[in-house]
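A.B. asks: Turn this into a model:
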Amino acid sequence: MRRLFLLLLALFALTGARDPILVPEVSQHEVLVRQGFTGTELLLFGAILDPAGTRAARDYDVVVVLKGPTEPIRLREKSKVGGVWLNAASTDFRSAPSYFAVAASRPVKDIVDERTAAIYEFGTDFIQLSPIGEIDPQEQARFSAGLVDLMRRQGLYAEAMTGVKISGQVLYQARFQLPSSVQTGTYTAETFAVTRGRVVASAIAEVEVRKVGFERFVELFAQQQSLLYGLLAVSLSVAMGWIAGRLFALI
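C.D. replies: Numbering: from 1, shown residues only. Sure thing, here's the model as predicted:
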């Protein structure tokens, strides 16, 4: 019995030793959002190595998932009533990613099965949203698809099924676009090595997005003095409306 146990332990160690090691890196670990920020491009790159630190002995597919901070979202559906568009049904998501992008060395459907893709969120169809309350599965699917479509049109959700370039079975790279509307916070870039439909290695790199200058001052002021910030915003809106009215009256 002991001999069998040692044999299984040795076999497990030998099998584990074959799994590759991912060494990820990112072009910038900090993105500074200043006045006039129009977005930026992130380059995620790295190497796929054997445990000994040498070139991997086989070909691997690579999938990179870049996710922004999660946030609660309320999604409302518009309905046309008597020629007027009104808010109709709505649903709340407890933790939807504010940014989500996937890049792969080839189409995910050719790399893993649907179950594995769902586990690791290999695509916008597999984002693990958390709806609040009881909701019909068909309604949930409809609202989830609506959320993904809305975020995609804003440039906050994206897929690039051939966006990962692999060189010489060792080096890989993928490019992601961060739009000007990105939320501040910590972004995680998780890289997966896949072979024969199985994820065999993963590694994480982080990027911090933060505001600086006047944008940072406004953000802190809104958080720390929310009542005063609201009053100033309303007062400014009223003042601008009054000025615009006076200007039109003079024309």
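A.B. asks: Can you spell out the domain ranges of the chain, please?
C.D. replies: 19-212, 214-251 (automatic domain parsing).
A.B. asks: looking at those domains, which is buried most?
C.D. replies: domain 19-212 (a mean of 16; mean count of other C-beta atoms under 10 Å). From N, CA and C alone the C-beta is placed, and that goes for glycine too.
A.B. asks: Now do the end-to-end distance for that one.
C.D. replies: 42 Å (C-alpha to C-alpha, to the nearest Å).
A.B. asks: Stretch 112-121: how far from the chain's middle?
C.D. replies: Here stretch 112-121 is found 16 Å from its chain centre; the criterion is C-alpha atoms, centre = their mean, to the nearest Å.
A.B. asks: Make JSON lines out of the domains of the chain and add mean pLDDT.
C.D. replies: Listed next are the domains of the chain as JSON lines, based on pLDDT from 0 to 100:
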{"stretch": "domain 19-212", "mean pLDDT": "87"}
{"stretch": "domain 214-251", "mean pLDDT": "62"}
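A.B. asks: Please tell me how far residue 171 sits from residue 48.
C.D. replies: As judged by C-beta to C-beta, to the nearest Å, residue 171 and residue 48 stand 8 Å apart.
A.B. asks: how much space between residue 37 and residue 129?
C.D. replies: 28 Å.
A.B. asks: actually residue 73, not the one I wrote
C.D. replies: Using C-beta to C-beta, residue 73 is found at 9 Å from residue 129.
A.B. asks: Quick check: residue 151 is in a strand.
C.D. replies: No - with DSSP: H, G, I helix; E, B strand; the rest coil as the criterion, residue 151 is assigned helix and is not in a strand.
A.B. asks: Now it. Nearest residue, chain neighbours left out?
C.D. replies: What sits nearest to residue 151 in space, not counting adjacent residues and going by C-beta to C-beta, 6 or more residues apart in numbering, is residue 157, at 4.1 Å.
A.B. asks: I figured the one you found was touching residue 96, is that so?
C.D. replies: No - in this structure, residue 157 is not within contact of residue 96 by C-beta atoms under 8 Å, at 9.9 Å.
A.B. asks: Mind listing the shared neighbours of the two?
C.D. replies: Shared contacts of residue 157 and residue 96, defined by C-beta atoms under 8 Å, 6 or more residues apart in numbering, are found at residue 127.
A.B. asks: Contacts only, for the closest residue to residue 67 other than its chain neighbours.
C.D. replies: Residue nearest to residue 67 in three dimensions, not counting chain neighbours: residue 97, with 4.9 Å by C-beta to C-beta, 6+ apart. Residues counted as contacts of residue 97 (C-beta under 8 Å, 6+ apart) are 67, 68, 69, 70, 127.
A.B. asks: What about the residues you listed, which are in strands?
C.D. replies: Taking DSSP state E, the ones among those that sit in strands are 67, 70.
A.B. asks: ranges for the strands of this structure?
C.D. replies: 21-26, 30-33, 40-49, 61-67, 70-81, 84-97, 100-104, 157-160, 164-167, 171-178, 185-195, 198-211.
A.B. asks: how far out from the middle of the chain is the second one?
C.D. replies: Averaging C-alpha coordinates over strand 30-33 and over its chain gives two centres that are 16 Å apart (C-alpha atoms, centre = their mean).
A.B. asks: ok, now the last one?
C.D. replies: Taking C-alpha atoms, centre = their mean, one finds strand 198-211 lying 10 Å from the centre of the chain it belongs to.
A.B. asks: Using PDB, list the CA coordinates for it.
C.D. replies: Extracted in PDB, the C-alpha atoms of strand 198-211 (Å, rounded to 0.1, in the frame of the first residue of the first chain):
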ATOM      1  CA  ARG A 198      -7.500  22.100 -20.500                       C
ATOM      2  CA  VAL A 199      -6.200  25.200 -18.600                       C
ATOM      3  CA  VAL A 200      -2.800  24.200 -17.300                       C
ATOM      4  CA  ALA A 201      -1.400  27.400 -15.900                       C
ATOM      5  CA  SER A 202      -2.400  31.000 -15.000                       C
ATOM      6  CA  ALA A 203      -0.800  34.200 -13.800                       C
ATOM      7  CA  ILE A 204      -2.000  37.600 -12.800                       C
ATOM      8  CA  ALA A 205      -0.700  41.100 -13.400                       C
ATOM      9  CA  GLU A 206      -2.300  44.300 -12.100                       C
ATOM     10  CA  VAL A 207      -2.800  47.800 -13.400                       C
ATOM     11  CA  GLU A 208      -3.900  50.700 -11.300                       C
ATOM     12  CA  VAL A 209      -6.000  53.400 -12.900                       C
ATOM     13  CA  ARG A 210      -6.300  56.700 -10.900                       C
ATOM     14  CA  LYS A 211      -7.200  60.300 -11.400                       C
END
